[in-house]
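Novice: please find the sequence and the predicted model below.
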Amino acid sequence: QLQLMEAGGGSVQAGGSLRLSCTASGPAFDTYALAWFSQAPGKERELVAAINWSGGSTYYANSVKERFLISRDNAESTMYLQMTMLNPDDTAIYYCAASRIIGLDATIKPDEFDYWGQGTQVTVSS
């Protein structure tokens, strides 16, 4: 069983950057696909980016392509989300999640993920 903990959220102005991290405790971290989801007030949880077990395959939502970069360090049991060119629409709670899914694409749903972190708030002001 994995336990996930996010860090790195905060408040920034539009155009700024943040780096989120998700640190795991528990066995077999490197056998899980990982993802970042965001949830804005009153909205459903949405997939932001995902990465496969090795880091060799990634997926990004259209809204964050060319701005966000997902990566992982299996030796450190940690996943990252480098967020650049932030805008107010990026304001949300960001969650990391782990799953044994194989494919990464736009059809990924939150209920396919077995383990979740508590979330970290990202607020972008204009």
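Specialist: Right, received. Where do you want to start?

Novice: list the contacts of the residue lying closest to Leu86 once chain neighbours are set aside.
Specialist: Distance criterion CB to CB, 6 or more residues apart in numbering; nearest residue to Leu86, sequence neighbours excluded, is Val124 at 4.6 Å. Every residue, glycine included, has its C-beta placed from N, CA and C. For Val124, the contact set (CB atoms under 8 Å, 6 or more residues apart in numbering) comprises Ser11, Val12, Gln13, Ala14, Gly16, Leu86, Asn87, Pro88, Asp89, Asp90, Thr91.

Novice: per-residue pLDDT, Ile108?
Specialist: pLDDT for Ile108: 89.

Novice: which residue is the nearest non-sequential neighbour of it?
Specialist: Excluding the flanking residues, the one nearest Ile108 by CB to CB, 6+ apart is Leu47, at 5.3 Å.

Novice: host element of that neighbour?
Specialist: strand 46-51 (DSSP states H and E).

Novice: give the other helices and strands that that strand contacts.
Specialist: strand 33-39, strand 58-60, strand 68-73, strand 78-83 (3 or more CB pairs under 8 Å, 6 or more residues apart in numbering; DSSP states H and E).

Novice: center of this protein, which residue is that?
Specialist: Trp36 (1.9 Å; CA atoms, centre = their mean).

Novice: returning to that earlier point: now the strand holding Leu47: how far from the chain's centre is it?
Specialist: Relative to its parent chain, strand 46-51 has a centroid offset of 6 Å by CA atoms, centre = their mean, to the nearest Å.

Novice: cool, stretch 50-70 as well?
Specialist: 9 Å.

Novice: can you tell me what sits against that stretch?
Specialist: Stretch 50-70 has contacts (CB under 8 Å, 6+ apart) with 30-36, 46-49, 71-72, 74, 79-86, 89-90, 102, 104-106, 108.

Novice: mind checking which of these are buried?
Specialist: Buried subset of the contacts of stretch 50-70 (neighbour count, 16 or more other CB atoms under 10 Å): 32-36, 47-49, 72, 79-81, 83, 86, 90, 104, 108.
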